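S.K.: next one to model:
(2 chains)
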2 protein chains.
Amino acid sequence: MDRLSLNQATVKHLGCEDAVALCVRHGIPAIGLWREPVAELGLARAAAAVRAAGLHVSSLCRGGFLTRADADGRQAALADNRAAIAEAAELGADTLVLVCGGLVPGQRDLGLARRMIADAIGELVPQAQRLGVRLGVEALHPMFCADRCVISSLGEALDLALTFPADAVGVVVDTYHVWWDARLPDEIARAGPRIVSYQLADWVLPLPPDTLLGRGHLGDGAIDFGPISASVTAAGYDGYVEVEIFNAEVWAAPPDQTAATIRERFAAVLGGS
Amino acid sequence: MDRLSLNQATVKHLGCEDAVALCVRHGIPAIGLWREPVAELGLARAAAAVRAAGLHVSSLCRGGFLTRADADGRQAALADNRAAIAEAAELGADTLVLVCGGLVPGQRDLGLARRMIADAIGELVPQAQRLGVRLGVEALHPMFCADRCVISSLGEALDLALTFPADAVGVVVDTYHVWWDARLPDEIARAGPRIVSYQLADWVLPLPPDTLLGRGHLGDGAIDFGPISASVTAAGYDGYVEVEIFNAEVWAAPPDQTAATIRERFAAVLGGS
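M.R.: The predicted structure is shown next:
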């Protein structure tokens, strides 16, 4: 339980200060922040709030969306990601999570999108190194390949990360996105110290009309968290473990109830104490 | 165009005789049949209908669903698959497509489900060889991993197929299910003569409430068919190419319009003539 982190998106309707207070009330020692609520409160105040509460910031979500059709769009994306890196540094976040982007608008060329992402990350690496922020390439579930992220497996994310220095680029392991992959144990082992974030959500059917919101509390779905977590631990990852659930019902529930459920399920599926 | 095959599911509301007649009217030389409409007409009459029309049967859909929790369920699944193999032989189908099954009911163990599938296919191989039917292991999109098929990538399907004789077990390449995979070109090359069926449908967003029905006409979605088809051809596959679209709007359209669209799009995306 001392490695549990609450990703702020799980309590989407709370601002930063309320989310921080929720963590404190429930003995959750870390939080994954999102840029929009951080901006709403103001970066300096958000950073002060987490520090005053003694919380660790396990991630900042998110940078990415690097696959733009035109040069102006690419420059705007880079500028936005540079701002995100600076925010992550200010917040002391372990990693800036990157959702890299889907197909280039108007194009069906996966290779083009993937090369564009690699190029853009290369542009961001020097600043990330200078500010001591690690970029976390997140593989998204293949059902998001067209519109959100062409990096569809952990192996692919890792192949990309390995082309950059280890202090600058790693990978995010999010169970919701990668649980189905027969290669997952091998790829987690191969990732080793490149794992910069470990996020949990369960796969629940049926998918809702907005397929982004299909995640469930741990134990409500199909994912066998024990073996995946054991692999992540065996690979050497000893950082925080975020629970990140996008789900309209969870968002409608009282946040204290959500936090209690998260603690309870985290203990149940991971054997935490 | 002489390699085009109409998968019967694309014109779901037509019985076998009407689907055969549709192919003949539109100069489509092959058909992928489904067991339910074949049974409705009667196996012997269905076989006679395709023969009389001079159509080739590029596949029979489908066997599989091999992941059952209890011994009786497993025996029932094997019996059903044995019946399907016999039907495929009677119809002269190039392959019996296998949708292998999701997680074992009540279990989250992917490895268990995968071993159960391997065991069951092993039980079916002798009959398949005796009757000259090739079983086609189809990787389904990872969004179907929990409930329909734990074989989620072509590489995984191929690894499974390679544990059996080549005359008995191959793989189905269905663009809808595998287009997102960065390893796809490599896996298609590796599959080589194990490719027993090539099926086309486009990936269209947003996903409908029933995620089985999200397929679109070629060109309506995200998939770049040219490079995938070139890889399949380079791997040595020279069989029929099925268009298989599950889509409520397509089903509601007049079948002759659907057939015309299929011919037109097939020519457009594959450069057929």
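S.K.: pretty sure residue A:268 sits against residue A:218.
M.R.: Yes. With contact defined as Cβ atoms under 8 Å, residue A:268 reaches residue A:218; the gap is 7.3 Å. Using the backbone N, CA and C atoms, a C-beta is placed for each residue, glycine as well.
S.K.: who's more crowded, these two?
M.R.: residue A:218 (23 against 12; other Cβ atoms under 10 Å in any protein chain shown).
S.K.: would you list the phi and psi of that one?
M.R.: phi -60, psi 130 (degrees, to the nearest 10).
S.K.: near chain B, which residues of chain A are found?
M.R.: Listed as neighbours of chain B in chain A under the rule Cβ under 8 Å from any Cβ of the partner chain: A:103, A:108-110, A:114, A:141-143, A:145-147, A:150, A:152-153, A:155-156, A:159, A:179-183, A:203, A:205-207, A:209, A:211, A:221-224.
S.K.: change it to 7 Å
M.R.: Selection of chain A residues close to chain B by Cβ under 7 Å from any Cβ of the partner chain yields A:103, A:108-110, A:141-143, A:145-147, A:152, A:156, A:180-182, A:203, A:205, A:207, A:209, A:211, A:222-224.
S.K.: and the residues you listed, which are buried?
M.R.: By neighbour count, with 16 or more other Cβ atoms under 10 Å in any protein chain shown, the residues of chain A next to chain B hold A:103, A:108, A:110, A:141-143, A:145-147, A:152, A:156, A:180-182, A:203, A:207, A:211, A:222-224 as buried.
S.K.: in strands, which of the residues you listed fall?
M.R.: Residues of these located in strands (DSSP state E): residue A:203.
S.K.: where does pLDDT dip in chain A?
M.R.: Within chain A, the set of residues satisfying pLDDT under 70 comprises A:272-273.
S.K.: in it, which strand is the longest?
M.R.: Longest strand in chain A, counting residues (DSSP E): strand A:56-64.
S.K.: just the residues contacting that one, thanks.
M.R.: Applying Cβ atoms under 7 Å, 6 or more residues apart in numbering or on different chains, the contact partners of strand A:56-64 are A:5, A:9, A:29-35, A:50, A:81, A:84, A:87-88, A:91-101, A:136, A:197, A:239-240, A:242.
S.K.: of those residues, just the buried ones, PyMOL syntax please.
M.R.: Buried subset of the contacts of strand A:56-64, written as a PyMOL selection, criterion 16+ other Cβ under 10 Å:
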select buried, chain A and resi 5+9+29+30+31+32+33+34+35+50+81+84+87+88+91+93+94+95+96+97+98+99+100+101+136+197+239+240+242
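S.K.: go through the contacts of strand A:56-64 and flag which are in helices.
M.R.: Judged by DSSP state H, helices contain the following of the contacts of strand A:56-64: A:35, A:50, A:81, A:84, A:87-88, A:91.
S.K.: of those, which is the nearest to chain B?
M.R.: Nearest to chain B, judged by Cβ to the nearest Cβ, of these is residue A:81 at 22.2 Å.
S.K.: return the residues in contact with the closest one.
M.R.: Here residue A:81 is in contact with A:63, A:124 (Cβ under 7 Å, 6+ apart).
S.K.: which parts of the stretch 151-273 of chain A are helices?
M.R.: Ranges of helices in the stretch 151-273 of chain A, per DSSP state H, counting those that start in this stretch, are A:154-161, A:175-178, A:184-191, A:225-234, A:248-252, A:255-270.
S.K.: any chance of those helices in a markdown table, with distance to residue B:23 too?
M.R.: Shown next, in a markdown table, are the helices of the stretch 151-273 of chain A (distance: least, Cβ to Cβ, whole Å):
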| stretch | distance to residue B:23 |
| --- | --- |
| helix A:154-161 | 39 |
| helix A:175-178 | 40 |
| helix A:184-191 | 42 |
| helix A:225-234 | 47 |
| helix A:248-252 | 45 |
| helix A:255-270 | 51 |
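S.K.: so which of those helices gets nearest residue B:168?
M.R.: Nearest of the helices of the stretch 151-273 of chain A to residue B:168, taken as Cβ to Cβ: helix A:184-191 at 27.7 Å.
S.K.: what angle sits between that closest one and helix A:225-234?
M.R.: Using axes from the mean of the first three to the mean of the last three Cα atoms, to 10 degrees, the direction of helix A:184-191 lies 20 degrees away from that of helix A:225-234.
S.K.: quick one: buried residues of helix A:184-191?
M.R.: Quick answer for helix A:184-191 (16+ other Cβ under 10 Å): A:184-185, A:187-188, A:190-191.
S.K.: tell me the one of those nearest residue B:249?
M.R.: Of all the buried residues of helix A:184-191, residue A:184 has the smallest distance to residue B:249: 35.9 Å, by Cβ to Cβ.
S.K.: how many neighbouring residues does the nearest residue to that closest one once chain neighbours are set aside have?
M.R.: Nearest non-adjacent residue to residue A:184, counting by Cβ to Cβ, 6 or more residues apart in numbering or on different chains: residue A:178, 5.7 Å away. Residues near residue A:178, counting by other Cβ under 10 Å, number 27.
S.K.: centroid residue for chain A?
M.R.: Centroid check for chain A by Cα atoms, centre = their mean gives residue A:97 as the closest residue, at 4.9 Å.
S.K.: ok, that one touching residue A:171?
M.R.: No. In this structure, residue A:97 is not within contact of residue A:171 by Cβ atoms under 7 Å, at 10.3 Å.
S.K.: report the set of residues contacting both of those two.
M.R.: residue A:136.
S.K.: re the thing from before, buried deepest among the helices of the stretch 151-273 of chain A, which one?
M.R.: Mean neighbours per residue, mean count of other Cβ atoms under 10 Å in any protein chain shown, is largest over the helices of the stretch 151-273 of chain A for helix A:175-178, with a mean of 25.
S.K.: can you tell me what sits against that one?
M.R.: Residues from elsewhere that reach helix A:175-178 (Cβ under 7 Å, 6+ apart): A:139-141, A:153-154, A:184, A:200-201, A:203, A:215, A:223, A:225, A:228.
S.K.: now do stretch A:103-116
M.R.: Contacts for stretch A:103-116 (Cβ under 7 Å, 6+ apart): A:66-67, A:69, A:101, A:146, A:150, B:222-224.
S.K.: with stretch A:31-51 instead?
M.R.: Here stretch A:31-51 makes contact (Cβ under 7 Å, 6+ apart) with A:5-9, A:15-17, A:19-20, A:23, A:55, A:57-61, A:84, A:87, A:90-91, A:93, A:242, A:244.
S.K.: what about residue A:51, how many neighbours?
M.R.: By the criterion of other Cβ under 10 Å, residue A:51 has 14 neighbours.
S.K.: ditto for residue A:165
M.R.: Quick note: residue A:165 (other Cβ under 10 Å) scores 12 neighbours.
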